[in-house]
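**Student:** for reference, the sequence and a predicted model appear below.
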Amino acid sequence: MASSIPSSFHILGAGPSGALMALALSQLGHSVDLADPKSDAELKARSRAYAITHSSRRLLEKLNVWTELLPALVPFRELDLSDAAVERRVLFSLQDLDPSSRAHGAIGWILDHRPLMEVLLHRLRSERKVQLHLGSPPPGPDDNALVIAADGPASPARQAWGIRTWLHRYRQGCLTAKVALRGVASGKAYELFRPEGPLAVLPLSNGCFQVVWSAPMELCQQRAALSNAAFLDQLAGVLPDGIEPDLLLDQPAAFPQQLMLARRLSSGRGVLLGEAAHRCHPVGGQGLNLCWRDVETLAALARQSESARSKARRYASRRLVDVVLVSLATDLLVRLFSNRQPTLLPLRSAALLLLEKLALFRRLSLRAMTNGPLRILSPLPN
Ligand SMILES: Cc1cc2nc3c(=O)[nH]c(=O)nc-3n(C[C@H](O)[C@H](O)[C@H](O)COP(=O)(O)OP(=O)(O)OC[C@H]3O[C@@H](n4cnc5c(N)ncnc54)[C@H](O)[C@@H]3O)c2cc1C
């Protein structure tokens, strides 16, 4: 029935998920209200860098924002994965990517939060069909509107809809810091498994790097409170051989880590999008890419003329498998590699040996990481 087709979309939350969703819907010709209690300046202010995978690259290309973001995207062509406890190392290179992704010359890209939000908010302001309500209360949604809750991990909308979550709080927290480093080969990113938790070193521009350093939460908080010199000393002790920290470029911040999955991804004509629906450990930099695959799925459903309720139901069932698989895979990685348990060491050593020696294993794991686990065996869209 024509009257039940949503005439508009009401998005709560203008973080990276909500903002990209608004852009995707407006480009399909839909009217969108996008609301966030934060102001424009507050939305851009987060000090964080995201690892961007090929699944996100394809979506950003489709939405015509890739070219605009290119100056801010720092590609990495090698991923150096090592396990300190078993002293094994695997080097992923462009050769391990599927040919269509390889043509783009990067395993992935690192993108700072600020330029991402600058581009998205700038584009949204020029979209005729988008009404932005930043730092001010939004109007109520139309009766037929699909309500999209992209209001982050604490999601007030999810709570108001009575959707409970499965939640596991990791003992591990994670500390993020931007640092200038010496001795890193150009175009290389690192993921080091250490007994206290994984450490990622992600290249930004001009010799700067984002460090994502997991460890027990109290230790992260203590490290975040150290003087600059003491922090750099501790960091020097855990970085791979030959890499030296020179300068701390922002205030290190400690975050608790959790695995969270909403028990339902929809309620009536409402859906949960991005971290309102799921949250996983930052190991492997999957978080935002998983959020943007939510955006891709909902945008595909928005092309179809059906009621908001039916769209919401179909979105919930289509997203479930990807979200569950990525959540479980990141959880398994953290459990398996963040310890020195003697019974697990041979298994870890064997897994890394297989990756080191067999290109097929590297290709399959890189394909899962960069395109999502559902694309391991299915053809890639290009
Ligand atoms: C330490 C750390 C490192 C990470 N590193 C990576 C990485 O390398 N790669 C990666 O892909 N991901 C990473 N992530 C995950 C990434 O930060 C998240 O996936 C991403 O921020 C999710 O975006 P979002 O828009 O869903 O939620 P958020 O960014 O949390 O945005 C939610 C928005 O909703 C707004 N809001 C709140 N309440 C309301 C309300 N009542 N009404 C309307 N709006 C509301 C908030 O103001 C906020 O702007 C990391 C996360 C952490 C904690």
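**Tutor:** Noted; the coordinates are in hand. Predicted model only: the values in this text are computed from it and were never measured.

**Student:** what about residue 22, neighbour count?
**Tutor:** Residue 22 has 30 neighbours, counted by other C-beta atoms under 10 Å. (C-beta placed from N, C-alpha, C; glycine too.)

**Student:** contact residues of the protein facing the ligand?
**Tutor:** Contact residues (C-beta under 6 Å from any ligand atom) of the chain with the ligand: 12-18, 35-38, 43, 48, 50-51, 150-152, 156, 174, 176, 212, 255, 274-275, 282, 285, 287-289, 291.

**Student:** same thing but 5 Å
**Tutor:** With the criterion set to C-beta under 5 Å from any ligand atom, the chain comes near the ligand through 12-13, 15-17, 36, 38, 50-51, 151-152, 156, 174, 176, 255, 274-275, 282, 285, 287-288, 291.

**Student:** going through those residues, which ones are buried?
**Tutor:** Listed as buried from the residues of the chain next to the ligand are 12-13, 15-17, 36, 50-51, 151-152, 174, 176, 255, 274-275, 282, 285, 287-288, 291; burial here means 16 or more other C-beta atoms under 10 Å.

**Student:** what strand or helix carries residue 176?
**Tutor:** Here residue 176 is covered by strand 165-182, with elements defined by DSSP states H and E.

**Student:** apologies, that question was intended for residue 80.
**Tutor:** Element membership for residue 80, per DSSP H and E: strand 78-83.

**Student:** of the buried ones among the residues of the chain next to the ligand, which belong to strands?
**Tutor:** 12, 36, 50-51, 174, 176, 255 (DSSP state E).

**Student:** thinking again about what came up before, each with direction, which strands does the strand holding residue 176 pair with?
**Tutor:** When pairing is defined by DSSP bridges, strand 165-182 lines up against strand 208-216 (antiparallel), strand 244-248 (antiparallel), strand 253-262 (antiparallel).

**Student:** quick check: buried residues in the last one?
**Tutor:** This means strand 253-262. Applying 16+ other C-beta under 10 Å to strand 253-262 flags 254-255, 257-262 as buried.

**Student:** could you do the second one as well?
**Tutor:** Of the residues in strand 244-248, 245, 248 count as buried by neighbour count, 16+ other C-beta under 10 Å.

**Student:** for the residue nearest the centre of the chain, what are its contacts?
**Tutor:** With distances taken as C-alpha atoms, centre = their mean, residue 288 lies nearest the centre of the chain, 2.1 Å away. When contacts are counted by C-beta atoms under 8 Å, 6 or more residues apart in numbering, residue 288 touches 16-17, 50, 52, 56.

**Student:** likewise for residue 355?
**Tutor:** Applying C-beta under 8 Å, 6+ apart to residue 355 gives the contacts 81, 90, 361-362, 365.

**Student:** so which of the residues you listed belong to helices?
**Tutor:** Among those, the residues falling in helices (DSSP state H) are 361-362, 365.

**Student:** what pairs with the nearest residue to residue 238 once chain neighbours are set aside across the strands?
**Tutor:** Nearest residue to residue 238, sequence neighbours excluded (C-beta to C-beta, 6 or more residues apart in numbering): residue 199, at 6.1 Å. Beta bridges link residue 199 to residue 192, residue 213 when assigned by DSSP bridges.

**Student:** would you confirm that residue 199 contacts residue 235?
**Tutor:** No - assessed by C-beta atoms under 8 Å, residue 199 is found out of contact with residue 235, at 9.1 Å.

**Student:** residue 141 in helix, strand or coil?
**Tutor:** Of the three states, residue 141 takes coil under DSSP: H, G, I helix; E, B strand; the rest coil.

**Student:** which residues in the stretch 201-350 of the chain form strands?
**Tutor:** Using DSSP state E, counting those that start in this stretch, the strands found in the stretch 201-350 of the chain span residues 208-216, 244-248, 253-262, 266-267, 270-272, 278-279.

**Student:** now tell me which helix or strand of the protein has the poorest mean pLDDT.
**Tutor:** None of the helices or strands of the chain scores lower by mean pLDDT, DSSP states H and E than helix 99-102, at a mean of 92.

**Student:** end-to-end on stretch 148-155?
**Tutor:** End-to-end distance for stretch 148-155, by C-alpha to C-alpha, to the nearest Å: 11 Å.

**Student:** what residues of that stretch count as buried?
**Tutor:** 148-152, 155.

**Student:** kindly report the same for stretch 83-95.
**Tutor:** Buried residues in stretch 83-95, defined by neighbour count with 16+ other C-beta under 10 Å: 83-86, 88, 90, 92-94.
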